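Participant: Have a look at this prediction, sequence included:
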Amino acid sequence: MGDLNQSDKELIAEASEALKNAYAPYSKFRVGAAVKTDGGTVYRGCNVENSSYGLTNCAERTAIFKAVSDGEREFDSLAIVVESADGLGTPCGSCRQVLSEFNLSMDVIMANTAGEAEKMSAAELLPKSFAAEQLDQEKINPK
Ligand code: THU
């Protein structure tokens, strides 16, 4: 767990703005996220639910997918804010895997609308993540 710096606090503010756009008519649980690239660009995301519940996209993945589809791949930090005064916005397992794909050292700032926050790295949040090296054909099919 690390101390928050000014950049982290700004990213929480961006994620809080994104939370306002959450489409969560089923769970009524609004989540916002904001990811900052190494170049300093910020992409926001919110959760987007569906009447077919399993199609829901989490706020973190919305933010990352928006950034990647704009050509970004180098991420410095990501903030998550949940509309709650009881508990922080901790990323779900699927989102942890998606964050780990791009940067195991990425700072993940978990926060809530009551002003509580905590910071950990993507690697701390998902030890032993599945990684591209495991898809090495030599390892799958040794000659
Ligand atoms: N949700 C997120 O957006 N991020 C997470 O890491 C956890 C869960 C959303 C998905 C769904 O719309 C709602 O929270 C309740 O699960």
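Facilitator: On my side now, so go ahead.
Participant: Show me which residues of the chain sit near the ligand.
Facilitator: Counting by CB under 6 Å from any ligand atom, the residues of the chain close to the ligand are 24, 27, 29, 31, 47, 49, 56, 58-60, 91-92, 95. C-beta here means a position set from N, CA and C on the backbone, and glycine is covered the same way.
Participant: can you map out the helices along the chain?
Facilitator: With DSSP state H as the criterion, the chain has helices at 6-19, 59-69, 93-102, 122-125, 137-140.
Participant: Ok, which of the ones you listed comes nearest residue 112?
Facilitator: Proximity to residue 112, assessed across those by CB to CB, is greatest for helix 6-19 (9.7 Å).
Participant: How about residues contacting the closest one?
Facilitator: Residues from elsewhere that reach helix 6-19 (CB atoms under 8 Å, 6 or more residues apart in numbering): 4, 30-34, 36, 42, 44-46, 59, 63, 77-83, 107, 109, 111, 113, 117, 119.
Participant: and with 6 Å instead?
Facilitator: Applying CB atoms under 6 Å, 6 or more residues apart in numbering, the external contacts of helix 6-19 come out as 30, 32-34, 36, 42, 44-46, 77, 79, 81, 109, 111.
Participant: which residues of this structure score low on pLDDT?
Facilitator: Applying pLDDT under 70 to the chain flags the ranges 1.
Participant: 50 - rerun?
Facilitator: The model of the chain has no residue with pLDDT under 50.
Participant: Stretch 13-31: which residues count as buried?
Facilitator: Of the residues in stretch 13-31, 14, 15, 16, 18, 19, 22, 24, 30, 31 count as buried by neighbour count, 16 or more other CB atoms under 10 Å.
Participant: farthest-separated two in those residues?
Facilitator: Greatest spacing in these, by CB to CB: 14 and 24 (18.6 Å).
Participant: List the ones among the residues of the chain next to the ligand that fall in strands.
Facilitator: Using DSSP state E, the subset of the residues of the chain next to the ligand located in strands is residue 31.
Participant: follow-up on the earlier one: can you tell me which of the helices of the chain is most buried?
Facilitator: Highest mean neighbour count of the helices of the chain: helix 59-69, a mean of 21 (counted as mean count of other CB atoms under 10 Å).
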